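Chemist: Give me a model of this one.
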Amino acid sequence: MSGHGNLQKIKNGKRTYGITPHIPGGFITPEDLIKIGEVAKKYKGVLKLTSGQRILITNLKEEDLADIWDELGMEPAVRNQNSLKNVEICPANYCKRSKYPTIGIGMKISKNFHGMDLPCRTKIGVCGCKNACTSVYAKDLGVLVDVDGKFFITVGGSAGHNPHSSDILIKGLSEKEAFLMVKSILNYYNENAQMGEKLGDFVDRISIDKFREDVLRDLKEE
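Modeler: Got it, this is the predicted structure:
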């Protein structure tokens, strides 16, 4: 990574880079959206809407990266590959199917934990109903709301080269309890997993039952 830009392609000796500004939960103000467009246009960038609720600006020159970040006035979405890379949030507060307005807890999770160093790259999905519109069941950690309006937590999902559907860890939580459970899971994972070990692989190694027992104990001790 160079100047918080990723090398995208080398063609005929020419290197082009891409950057992804941090856009919490995929919600962006009209002003920031316009700014991204103007800066991309100025530096002949190509815009790509990513699956992670971000905007990639690619086709950039390495020597322009510092000026681009300065003009954007935004933080990079990813500073360290082994970290909490993003928190994907559904538009629950504006959706007729939602059982709870989960944008608030999603933004709180993003604010408190985005960029947190972890044993491996990690993604969290937050959704206001069981439809899981942010592909929560394929995320390392999921925060969802059941038909009764109570939260439940999933762990171990992956949509990468080893696809894996997540397991339900616990049900019947309040919003506060769900947030504290996310905190407990991340801390436990950070303290006990091996470097480079995905959360799902860690859970499989120690068993879902032991993982559940330990994170619930840690939660009660807080």
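Chemist: Which helix runs longest in the chain?
Modeler: helix 175-192 (DSSP state H).
Chemist: Which pLDDT does the model give the closest residue to Tyr43 other than its chain neighbours?
Modeler: Nearest residue to Tyr43 in three dimensions, chain neighbours excluded: Asp64, at 5.2 Å (C-beta to C-beta, 6 or more residues apart in numbering). Just so you know, the C-beta spots here come from the backbone N, C-alpha and C atoms, and that holds for glycine as well. At Asp64, the pLDDT value in this model is 95.
Chemist: change the start of the numbering to 9 and stick with it
Modeler: Done: numbering now begins at 9, and the last item shifts to Asp72.
Chemist: In space, what's closest to the spatially most central residue of the chain - neighbours in sequence excluded?
Modeler: Nearest to the mean C-alpha position of the chain, by C-alpha atoms, centre = their mean, lies Asn94 at 1.9 Å. Computed as C-beta to C-beta, 6+ apart, the closest residue to Asn94 that is not its neighbour in sequence is Gly60, at 4.9 Å.
Chemist: Quick check: the one you found touching Lys93?
Modeler: Yes: counting by C-beta atoms under 8 Å, Gly60 does reach Lys93; the two are 7.4 Å apart.
Chemist: Show me the shaky parts of the chain.
Modeler: Along the chain, the parts satisfying pLDDT under 70 run over 9-11, 229-230.
Chemist: which secondary structure element contains the residue nearest to Asn94?
Modeler: Counting by DSSP states H and E, no helix or strand carries Gly60.
Chemist: Report the contact partners of it.
Modeler: 85, 93-94, 96, 131 (C-beta atoms under 8 Å, 6 or more residues apart in numbering).
Chemist: Spell out, range by range, the strands that occur in this structure.
Modeler: 14-19, 22-27, 54-57, 63-68, 92-97, 130-134, 149-153, 159-163, 175-181 (DSSP state E).
Chemist: Relative to Gln61, how far out is the residue nearest to the centre of the chain?
Modeler: Separation of Asn94 from Gln61 (C-beta to C-beta, to the nearest Å): 7 Å.
Chemist: same check, this time on Lys116
Modeler: Lys116 is 16 Å from Gln61, by C-beta to C-beta.
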